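A.B. asks: Show me the folded form of this:
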Amino acid sequence: GALPFIASSFDSSGWIIHAAVIFCTLALTLAVPFIRPHVHALDNLALSSALASAAVGTACGQYFALDQTPVGTSALVGALVVLATIPVGLFAASSIFVALFARRLWSQEQQAATEGTVKKWGSSANE
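C.D. replies: Below you'll find the predicted structure:
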């Protein structure tokens, strides 16, 4: 599970430490929309989902430490996958937008360079 060295030093087998980590990360997850540490809403969404996935991952580690599989394990793992997909999807989308913007900027620079080099480039033949 999470924090194995700290958890092994307590008599309660670490469930208090795990519960504290889960509670604190969930509290931070819920606080992000109100505090708004980033200007853009998508950045705050990515931060919230990353914190929530840390909490769910800690909960998964606590549940998987048991010898038998609990009833809600598939839902917990599904929630972890969905929460991890949000920041990854936002990163992929922003990477695509940056590449498209760079391509557009490059083509505009090429067009301007061509128009400056070749006389009357782009103007009609009748002028």
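A.B. asks: Flag the shaky bits of this structure, pLDDT-wise.
C.D. replies: Residues of the chain that meet the criterion pLDDT under 70 lie in 1-14, 62-70, 113-127.
A.B. asks: hey, which helix is longest across it?
C.D. replies: helix 73-117 (DSSP state H).
A.B. asks: helices or strands next to it in the packing?
C.D. replies: helix 41-64 (3 or more Cβ pairs under 8 Å, 6 or more residues apart in numbering; DSSP states H and E). Yep, even glycine has a C-beta here, placed from its N, CA and C like the rest.
A.B. asks: Now do the helix it packs on against helix 73-117, angle only.
C.D. replies: Here the directions of helix 41-64 and helix 73-117 differ by 150 degrees (axes from the mean of the first three to the mean of the last three Cα atoms, to 10 degrees).
A.B. asks: hmm, who's touching helix 41-64?
C.D. replies: 1-2, 15, 18, 21-22, 25-26, 28-29, 32-33, 36-38, 70, 72-73, 76-77, 79-80, 83-84, 86-87, 90-91 (Cβ atoms under 8 Å, 6 or more residues apart in numbering).
A.B. asks: and these, which are buried?
C.D. replies: Among these, the ones that count as buried by 16 or more other Cβ atoms under 10 Å are 1-2, 18, 21-22, 25-26, 28-29, 32, 76, 79-80, 83-84, 86-87.
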